[in-house]
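Asker: Pasting the sequence and the predicted model now:
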Amino acid sequence: MGFSLTSAFDEDYFEFKDRVLQVDMSFDNILLLYEMFDDEELEGYEKVHFALNLLINEYETLHLSSYKEAYELFEYVLLEFLGIDLDNKNNDGNTNVKIYDFKKDAELIYASFFAVYKVDLFELKGKLHWKKFQALLNHLDDNSPFKQVIGYRTMKVPSEKEASKDYIKHVREMKRIYSLDDGPKDVTNVFNDLASTFKSQTKGVRDNG
């Protein structure tokens with residue numbers, strides 16, 4: 001699932017019931033998927049079907065026999081194409097805390113891509129692959145707006161022995177301005193956190209027929 005210079009980005013397909021199904025891995029489609037995951041008004045079973053509709057263009061023509069079958073397909077696609085393990089087998093019990101949010105930080109991400117890479121993300125909707133987007137996002141220049149905000153969110157407030165009162169005040173103000181609702185306590189993987197949250201939301205409905 002990692003980034004590889006030897007693998008093609010157009011091989012996002014798999015075989016299912018004697019059919020070859022294409023998965024839409026464009027970055028804007030995956031961002032829409034994550035926004036849907038965060039929608040608290042949707043039930044877990046609704047998220048499963050909406051996600052499959054987003055990811056697989058021919059999903060409605062599959063005529064699956066049950067919700068359980070849909071959920072198994074959903075688990076497979078998330079694991080194979082997004083690296084999200086809903087079974088969370090490797091979870092060490094620690095609570096992951098987000099250090100960025102695609103929706104709240106959308107303007108920062110857009111501005112940073114434009115400043116660093118001279119790329120207009122709006123012009124790349126439906127074109128830029130999710131893995132390419134992730135690689136570019138992770139390696140933005142430290143001086144980019146997005147990375148500067150991440151720096152404030154993850155840094156500890158210095159003590160009076162380490163910095164001036166004015167700088168300490170500045171750091172606290174920046175952390176307040178750019179804080180997320182859950183408040184970053186550590187540098188963690190936003191995708192694992194999302195998977196854990198989704199698993200808890202769908203528990204109890206996955207075995208329904």
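Answerer: Yep, it's here.
Asker: Now do the same contact list for residue 172.
Answerer: residue 157 (C-beta atoms under 8 Å, 6 or more residues apart in numbering). Every C-beta, even on glycine, is put in place using the N, C-alpha and C of the backbone.
Asker: name the element it belongs to?
Answerer: helix 165-177 (DSSP states H and E).
Asker: That helix: how far from the chain's middle?
Answerer: Centroid displacement of helix 165-177 relative to its chain, using C-alpha atoms, centre = their mean, to the nearest Å, is 28 Å.
Asker: What's the mean pLDDT across that helix?
Answerer: Computed over helix 165-177, the mean pLDDT rounds to 93.
Asker: For it, list every residue counted as buried.
Answerer: In terms of neighbour count (16 or more other C-beta atoms under 10 Å), helix 165-177 has its buried residues at 171, 174-175.
Asker: ok, so of these, who is nearest residue 74?
Answerer: residue 175 (36.9 Å; C-beta to C-beta).
Asker: Please tell me how far the closest one sits from residue 151.
Answerer: For residue 175, the distance to residue 151 (C-beta to C-beta, to the nearest Å) stands at 10 Å.
Asker: What are the phi and psi values at the spatially most distant residue from the centre of the chain?
Answerer: The C-alpha centroid of the chain is most remote from residue 161, which lies 38.3 Å away (C-alpha atoms, centre = their mean). The phi/psi pair for residue 161 (degrees, to the nearest 10) reads phi -80, psi -20.
Asker: and if you look at residue 155?
Answerer: phi -80, psi 150.
Asker: tally of neighbours for it?
Answerer: Counted with other C-beta atoms under 10 Å, residues neighbouring residue 155 total 12.
Asker: and it, what pLDDT?
Answerer: For residue 155, the model assigns a pLDDT of 91.
Asker: Apart from its neighbours in sequence, what residue is nearest it?
Answerer: Using C-beta to C-beta, 6 or more residues apart in numbering and skipping the chain neighbours, the partner closest in space to residue 155 is residue 171 (6.8 Å).
Asker: State the distance from the one you found to residue 65.
Answerer: Residue 171 is 56 Å from residue 65, by C-beta to C-beta.
Asker: Same check on residue 34?
Answerer: Distance from residue 34 to residue 65, by C-beta to C-beta: 28 Å.
Asker: Pretty sure residue 124 sits against residue 27.
Answerer: Yes. Contact criterion C-beta atoms under 8 Å: residue 124 and residue 27 qualify, at 7.3 Å.
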